[in-house]
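1. Let's see this in three dimensions:
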Amino acid sequence: MKSITAAVLAAAWLCAAPALCASATPRPVRPVPQTLYSGRWYEVARTPNQMQANCQAATNDFSNWSSGAFSVVETCHEGAPNGPAQVMKVSGHVLPSSANTKMKLGILGGLLSQEYWILDRSEDNSWAIMDRADGRYVWLLSRRPALSAADKATALQRLQALGFHVNTLTFAQR
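-> Below you'll find the predicted structure:
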């Protein structure tokens, strides 16, 4: 038991020095315009996760922006891009003093909620990198169903610069 406690304390001490801890959570790179919280976003790639295990051709439709609050309709097709649609309605709000880079999304009237961050985006706001606040899951989103080869290469470079392993991403099938 003492050796386990010592190992946990040693790991906690090492991670106090960011250069030694490989899993440092990425931070948003720059402010986000509120227009990113409106219209349709297509999922281009994501970290595999249990909630989307059988999800294909996912989209997020943002609407009803009002003073930092908004609605999202998340659509996922079960098993194949033309499979049955699974729809979930989500409410969200931008977190104060975050330059629109951090949001909290909730379902069931906010009973279940999760914080997400917009880590980076293209200059023209045609794609964005979003992750969970803990850095465990990341999504590459686009205003179009597919990114051009040049935009995809740029986005993947940005993901790598943020510390994500792009070879582990699941890419959308459309």
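
2. after the biggest strand by length in the chain, next one along is what?
-> Among the segments of the chain that qualify as a strand by DSSP state E, the longest is strand 55-66. Note on strand 55-66: by DSSP states H and E, the next helix or strand toward the C-terminus is strand 69-78.

3. buried ones in that following strand?
-> If you call a residue buried by 16 or more other C-beta atoms under 10 Å, then strand 69-78 has these buried ones: 70, 72, 74-77. All C-beta spots, glycine's among them, are computed from the backbone N, C-alpha and C.

4. And stretch 52-71, by the same measure?
-> Neighbour-count burial for stretch 52-71 [16+ other C-beta under 10 Å]: 52, 55-60, 62, 65, 70.

5. just stretch 84-94 next, same as before
-> Buried-residue list, stretch 84-94, by 16+ other C-beta under 10 Å: 90-94.

6. Check residue 24 and give its pLDDT.
-> Looking at residue 24, its pLDDT stands at 77.

7. Just list whatever residues bridge to residue 139.
-> Judged by DSSP bridges, the bridge partners of residue 139 are residue 46, residue 130.

8. What separation is there between it and residue 94?
-> Using C-beta to C-beta, to the nearest Å, one obtains 17 Å as the distance from residue 139 to residue 94.

9. right, and residue 113 touches residue 105 too?
-> Yes: Residue 113 is in contact with residue 105 according to C-beta atoms under 8 Å; the separation is 6.5 Å.

10. Would you mind telling me which of those two has more residues around it?
-> A count of neighbours by other C-beta atoms under 10 Å puts residue 105 above the other of residue 113 and residue 105, at 18 against 15.

11. ok now do the more buried one, which residues does it touch?
-> Applying C-beta atoms under 8 Å, 6 or more residues apart in numbering to residue 105 gives the contacts 72, 90-92, 113-114, 116.

12. Just the ones in strands from the residues you listed, please.
-> Counting by DSSP E, these place 72, 90-92, 113-114, 116 in strands.

13. Going along the chain, name the strands of this protein.
-> Under DSSP E, the chain gives strands at 39-46, 55-66, 69-78, 85-94, 102-107, 112-121, 127-132, 138-142, 170-171.
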